[in-house]
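*Asks:* mind folding the following:
(one chain, ligands or ions: 2)
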Amino acid sequence: MKKVFVKSYGCQMNVYDAERMADMLATEGYSETKVMEEADLVILNTCHIREKAAEKVYSELGRVRELKNEREAAGRETKVVVAGCVAQAEGKEILRRAPAVDVVVGPQNYHNLPSLLKKPLSERVVDTEFPVEDKFDHLPKPSKAAIRNRGVSAFLTIQEGCDKFCTFCVVPYTRGAEVSRPVAKILDEALRLADAGVRELTLIGQNVNAYHGEGPDGAVWSLGRLLHRLAEIPGIARLRYTTSHPRDMDDELIAAHRDLPALMPYLHLPVQSGSDRILDVMNRKHTGDEYRRLIERIRKAQPNLALSSDFIVGFPGETDAEFEDTMRLISDVGFASSFSFKYSPRPGTPAADIETQVSEAVKAERLARLQNLLEMQRQAFNRGTVGQTLDVLLEKPGRHPGQMAGKSPYLQPVQFESDRHAVGEIVTVRIIQAGSNSLFGEWIGPGSQAAA
Ligand code: SAM
Ligand code: SF4
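*Replies:* Ligands and ions are numbered 1, 2, ... in the order given. Sure thing, here's the model as predicted:
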């Protein structure tokens, strides 16, 4: 059997795509390996969101080239594929810069991999045209064993692409226009996952709450309606969705946070900045106060809601006062966890052409202050759960013998002593201690969603 090694960079969409590639290649006779040296096929599933992420790929390709040469000297052939958003954005340029690469394939074209791989090594190919057909229709369904191997929590892509064109972001160019998968296909995939033992589904999309897929009744379904339907699937106890845009939090979705016990009270809702002027130049189409009011409405629907966000510091032209607006918004709203980045100019995006770029030193200083505040909030949130009883979905044995490890509703890793619980169970745990990255607790009883 031939072996494939897939390395994924960046977001959850890439994790999902990498799993689909592995499923597809399994039907072509490839088994997955975690060791690059033994792979007949190496796939780098790349991310183009920031310059650092894209450059990492080229340094990894240098290492892959050495490996390919060593294997060739030993009489073994290695094919190298660059997939994902760098493939889409740079296409042929990759073949020029990285001689080891045989195939460049975009995120909407990877269903073509089997035929692309059949070409002789001398014929290097690029496939990045946005196809007319739906790649999902051409991807094989994962086997039960493959799903089980990946654990009790699974990603499910329901939407791809983005029409928002935030001025800093490459996604609309690399992933293309917004497309929602039909409800029937999502249900089919969710049922299959549940049947193999998945308990938690995270619905993913670049702009997941812009979801507007065709329902089995012919009507257009929103994300709120889709969540209600997915919550009916036996075995599925937890639902999450990511990543959302504040502009697409409609009433139906907010009501789902009130009405659906399976919808976890944890929301990743990136705000990027707290300055109205910067938000405007970013083309986010909302103000800081509109974001604050939106959070109030969602918290009214779900008082236990914990929030997470993405922030960009040093967007072109960002003044000290505008950065302080972001710090104020963070203090006002309070986040349980967050991702934060220095602005990175991306070729072809409008913000990259703004003349007043912020210096690296200022970006670094702002990022350090912002991350310090966010870290204090994260730790305060974790400490706040001490004494509470939380449902924990068990994912694997714990760090030490006799321990189990799982996730709280707020995605916090939780460990507790147990010799009688199985992966996939949901149990109630009283939190007794908050470490820097995980919580420690004691078993209290079965979880409130255990019967789902
Ligand atoms: N669709 C999501 C939204 O609208 O919030 C974001 C998707 S993007 C893959 C993830 C995060 O990367 C963004 O929220 C943003 O904070 C960050 N990001 C995107 N472009 C960036 C850039 N040019 N420089 C720095 N960070 C960037
Ligand atoms: Fe990028 Fe998100 Fe803006 Fe779309 S909504 S352009 S994915 S940051």
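*Asks:* just the buried residues of the host helix or strand of A321, please?
*Replies:* Per DSSP states H and E, A321 falls inside helix 320-333. For helix 320-333, burial by neighbour count (16 or more other Cβ atoms under 10 Å) applies to 322-323, 325-327, 329-330, 333. Placement of C-beta: from N, CA and C, glycine included.
*Asks:* my read: G235 touches E200, true?
*Replies:* No - assessed by Cβ atoms under 8 Å, G235 is found out of contact with E200, at 10.2 Å.
*Asks:* which neighbouring elements make contact with the helix holding A321?
*Replies:* When contacts are defined as 3 or more Cβ pairs under 8 Å, 6 or more residues apart in numbering; DSSP states H and E, helix 320-333 sits against helix 276-281, helix 288-301, strand 306-313, helix 360-384.
*Asks:* and of these, who's closest to E178?
*Replies:* strand 306-313 (18.8 Å; Cβ to Cβ).
*Asks:* pull the CA atoms of that closest one into CSV?
*Replies:* This file holds the C-alpha atoms of strand 306-313, laid out as CSV (Å, rounded to 0.1, in the frame of the first residue of the first chain):
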residue,chain,number,x,y,z
ALA,A,306,-18.8,33.0,26.6
LEU,A,307,-17.1,34.9,23.8
SER,A,308,-14.1,34.6,21.7
SER,A,309,-12.8,36.9,18.9
ASP,A,310,-10.1,37.7,16.4
PHE,A,311,-8.2,41.1,16.6
ILE,A,312,-5.9,42.8,14.2
VAL,A,313,-3.5,45.4,15.6
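*Asks:* start the count at 12, not 1, going forward
*Replies:* Right, with 12 as the first residue, what we last looked at is strand 317-324.
*Asks:* and for it, what's in contact with it?
*Replies:* 179, 254, 276-284, 293, 306, 334, 337, 341, 344-354, 374, 377-378, 381, 385, 392, 421 (Cβ atoms under 8 Å, 6 or more residues apart in numbering).
*Asks:* got the angle for it vs helix 299-312?
*Replies:* Strand 317-324 runs at 160 degrees relative to helix 299-312, counting by axes from the mean of the first three to the mean of the last three Cα atoms, to 10 degrees.
*Asks:* is strand 317-324 up against ligand 2 anywhere?
*Replies:* No - Strand 317-324 is not in contact with ligand 2 by Cβ under 6 Å from any ligand atom; minimum separation 8.0 Å.
*Asks:* before we move on, the earlier item: which stretch among the helices and strands packed on helix 331-344 is buried most, on average?
*Replies:* Ranked by mean neighbour count, the helices and strands packed on helix 331-344 are led by strand 317-324 with a mean of 22 (mean count of other Cβ atoms under 10 Å).
*Asks:* near ligand 1, anything from that strand?
*Replies:* Yes - against ligand 1, strand 317-324 shows contacts by Cβ under 6 Å from any ligand atom at 321, 323.
*Asks:* what angle separates that strand from helix 371-395?
*Replies:* 170 degrees.
*Asks:* a helix runs through A98, doesn't it?
*Replies:* Yes - under DSSP: H, G, I helix; E, B strand; the rest coil, A98 falls within a helix.
*Asks:* could you check how far it is from T400?
*Replies:* Distance, A98 to T400, using Cβ to Cβ, to the nearest Å: 47 Å.
*Asks:* among G246 and E211, which residue is more densely surrounded?
*Replies:* Set G246 next to E211 and count neighbours by other Cβ atoms under 10 Å: E211 wins out with 22 against 16.
*Asks:* any idea what that one is bridged to?
*Replies:* S164, R249 (DSSP bridges).
*Asks:* I'd say it and R161 touch.
*Replies:* No - the criterion here is Cβ under 8 Å, and E211 misses it with R161 at 11.8 Å.
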